[in-house]
Every structure is written in structure tokens, then in C-alpha cells.
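Enquirer: Give me the fold of what follows.
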Amino acid sequence: MTNSSNTLHLVCGKIAAGKSTLARDLSANPQVILINEDTWLSRLYPDEINTIPDYIRCSSRLRSIMEDHVQQLLQAGLSVVLDFPANTQNIRQWMLGISTRAGVQNCLHYLEASDAVCKKRLHARNAAGSHEFNPTDEQFDELTAYFVPPKVDEGLEIKRTKVFDK
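Expert: This is a model prediction of the structure:
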């Protein structure tokens with residue numbers, strides 16, 4: 001049974017596509033809780049995430065803690081914006097499991113953007129120092145190689161948005 005009054009919002013897109021900005025916008029309502037992976041990782045593991053294996057290790061630890069917490073928030077009648085990159089099928093299935101166990105609807109917000117648009121936005125973001133994570137172009141390319149666009153048959157409600165250069 002699904003509770004239609006609350007939702008688990010998920011964000012998917014390449015680095016600098018606008019996931020965190022969208023997540024903040026989605027959480028403007030007081031009944032919506034925002035949980036941002038980059039914030040948690042930067043505070044729990046300062047100076048420990050320098051490689052993709054470091055990120056995978058620390059992110060796995062955080063997900064194991066957050067899973068029950070997010071489910072409890074949803075079951076308490078709140079909506080949650082999970083600002084963790086839903087960029088692989090395995091991560092999306094983990095997220096789908098949370099909404100299924102909580103009995104709430106989900107919405108995967110997929111921001112479609114080209115590498116060129118994302119890199120331009122990344123350079124501006126890095127120059128402004130406005131984000132906890134400031135990857136280089138090489139790190140962008142390395143992480144983008146893991147990106148898998150969502151498919152309809154994954155069981156998630158997908159909302160696609162094309163992202164263009166401003």
C-alpha cells in the first residue's frame with residue numbers, strides 16, 4: 001500500500017547538472033526533509049575522500065546508516081529529498097527499496113545534460129567555492145564513466161528535465 005501524501009524524491013544526473021539546486025528547491029516545504037550526501041560525507045570523512053574507491057567506501061557506510069532513518073521519516077508522514085546521486089542502477093534499486101518498504105511513492109528527477117554543459121557549470125561552481133565537492137575535469141570524466149541513465153523498467157517514477165547552458 002502506498003501513502004500518496006508523501007514522497008521519496010531522488011535526483012539523477014551528471015556532476016554539476018543541478019541536482020543539489022533542484023533538491024533544495026524540492027525541500028522548500030516544511031514537511032519535506034533534505035538529506036544531502038555531499039554535506040554528510042564532507043563532515044563525517046573530512047580529507048578522507050580522494051579517490052573513487054574512497055567515495056564508494058564512505059558512501060556505502062553512509063547509505064547503511066541512512067536507510068532506516070529515511071524509511072522512518074517517510075513512515076512518519078514526511079517527504080524526503082535524498083540528494084544522493086541516483087546515477088547507477090544499483091543505487092536506484094537501493095532507493096526504490098526504501099520507498100517500497102516505507103509504502104510511499106517515489107519520484108526520480110532525472111536532469112539530462114551534456115558533458116559540455118556540466119563542465120561549464122562545474123568550472124563556475126568550483127570558482128565560486130559554493131559546493132563541498134570540487135572535482136577536476138579528469139575526475140568529472142572518471143565519475144561520468146559510471147553514470148547510467150535511468151530506464152522506465154526500473155520501477156521508479158521518472159521525471160525528465162533537459163538542462164541547457166544558461
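Enquirer: What strand or helix carries Tyr110?
Expert: Assigned by DSSP states H and E, Tyr110 falls within strand 104-112.
Enquirer: Give me the sheet partners of that strand and which way each runs.
Expert: Strand 104-112 has these partner strands in its sheet, going by DSSP bridges: strand 3-12 (parallel), strand 158-162 (parallel).
Enquirer: so what secondary structure elements neighbour the helix or strand following that strand?
Expert: Following strand 104-112 in sequence order, the next helix or strand is helix 115-128 (DSSP H and E). Helix 115-128 sits against helix 137-144, with contacts defined as 3 or more CB pairs under 8 Å, 6 or more residues apart in numbering; DSSP states H and E. Bear in mind the C-beta positions are built from the backbone N, C-alpha and C, glycine included.
Enquirer: how big is the angle separating the helix it packs on from helix 115-128?
Expert: 130 degrees (axes from the mean of the first three to the mean of the last three CA atoms, to 10 degrees).
Enquirer: Low-confidence ranges, this protein, go.
Expert: Along the chain, the model assigns pLDDT under 70 to residues 1-4, 166.
Enquirer: Thanks a lot, see you next time.
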